[in-house]
Every structure is written in C-alpha cells, then in structure tokens.
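Chemist: this is a predicted model, with the sequence first.
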Amino acid sequence: MENNSILFFVAVGVVVIVASIAVYHVMRYLRGSIKLFLSRTAFSAGESITGYFDLVTKKAIQGNQLLVTLIGTQVTRQYHNGRTVRRSQEIYRDERIIEQSRSYPAGYSARYDFDMTAPQVGPQNAEASSPMGRALVTALRAMNHTQDYFEWKLEARLDAEGVDLANAKRVSINMTNTGS
C-alpha cells in the first residue's frame, strides 16, 4: 500500500508540473507574439548582425522594455569514466534597448529593425596567442578529455508585467583569431 501512495504522489506532482508549463505557454500565446527574422545566421567576429522582429499583441500589455540581446555561452564537456559532464557559463551579453517602458494596446502590430556587431573576443590567455601555446592548450584538453565551445543566440524580448513575449534564434560566430 505504501508504494502505491508514493507512486500516486509522484504522478500528481508530474501532472501539476506539466499543467503549469502548459498554462504558462497558453497565457503567453494569448498575450501576443514576437517573430524574429535574420537574413543569415553565421557571422565572423566584427561583422554586422542585422535583422528585424515583428511584435503583435492580442491583449493590452504594459511593457517594461523592448530589447534585442546577443548572448554567448561557453560550454565545457568533460568525459570521465564513461560519463559526460556538461557545464555552461554565460560569457557575453550585449543588450540593445529598442523601446523603454510603454503600453502596447490590444491588436498592436509593428516591425522593429536592429543592427548589432558580432564580438571580437581574443584569446583568454597569453599562452593561447602563439602557435606553440595553442598546441599546448589543445594537447592538455585532449588528455583531460575536455571539449570547449561557444553557443550563441540572438533574442528579441518584450519584458512586460506578467508573462514576457520572446523569440530567439541560434547564431554562429566564428571567433577564430586571424591575427597570429
């Protein structure tokens, strides 16, 4: 009997979590949407990232900020004893405020253009700036079964009272250091 009650509470917990997620997405959908458009998704360091997004509201929304953000995350994967450990850390954030606080009426629709520059991030340490240093860092990572890479995303967001409207696209930024 005890196992059945534990199973029952676990099932109820899962149902509550799934229902909460569904309600959140329905509320977000009923408020409106943001659709993000980019002419391309691969860039080199220093290149211009241009695009636009369409904001459509279905209900009146009090917005705190309308912004576009480029977010860079460094991901480290380490393989040890047949297991993979994945760690990530945000290392770059460039926010562009498109509009400050304002009210958006029900049925509002507008297109917003943006232009950002892909970051030019140099080597993290002096050893990695020379060919010998890069080879040493690569060899040490191979011995430790470690893989590092960057993930980038561009996000358009209406930070609003209640549920935000947002849309994001993954982008690639070539961070190769061509100056050596």
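Modeler: Cool, got the structure. Nothing here was measured: the structure is a model prediction, and the numbers come from that model.
Chemist: could you check how many residues crowd around residue 48?
Modeler: By other CB atoms under 10 Å, 9 other residues sit near residue 48. Every C-beta, even on glycine, is put in place using the N, C-alpha and C of the backbone.
Chemist: repeat that for residue 51.
Modeler: Count around residue 51 with other CB under 10 Å applied: 20.
Chemist: let me know the secondary structure of the residue nearest the centre of the chain.
Modeler: Nearest to the geometric centre of the chain sits residue 153, at 4.5 Å (CA atoms, centre = their mean). Using DSSP: H, G, I helix; E, B strand; the rest coil, the structure places residue 153 in strand.
Chemist: who does it bridge with?
Modeler: On the basis of DSSP bridges, residue 153 is bridged to residue 71, residue 170.
Chemist: residue 69 and residue 5, how far apart?
Modeler: 46 Å (CB to CB, to the nearest Å).
Chemist: and those two? Which one has more around it.
Modeler: Counted by other CB under 10 Å, residue 69 and residue 5 do not tie: residue 69 has more neighbours, with 17 against 9.
Chemist: what kind of secondary structure is the more buried one in?
Modeler: The three-state label given to residue 69 by three-state DSSP is strand.
Chemist: what pLDDT does it get?
Modeler: At residue 69, the model reports a pLDDT of 96.
Chemist: show me what contacts it?
Modeler: Residues in contact with residue 69 (CB atoms under 8 Å, 6 or more residues apart in numbering) are 93, 94, 95, 96, 154, 155, 157.
Chemist: quick one: residues contacting residue 148.
Modeler: Contacts of residue 148 (CB under 8 Å, 6+ apart): 74, 75, 76, 77, 141.
Chemist: can I assume the fourth one sits in a helix?
Modeler: No: counting by three-state DSSP, one finds residue 77 to be strand, located in no helix.
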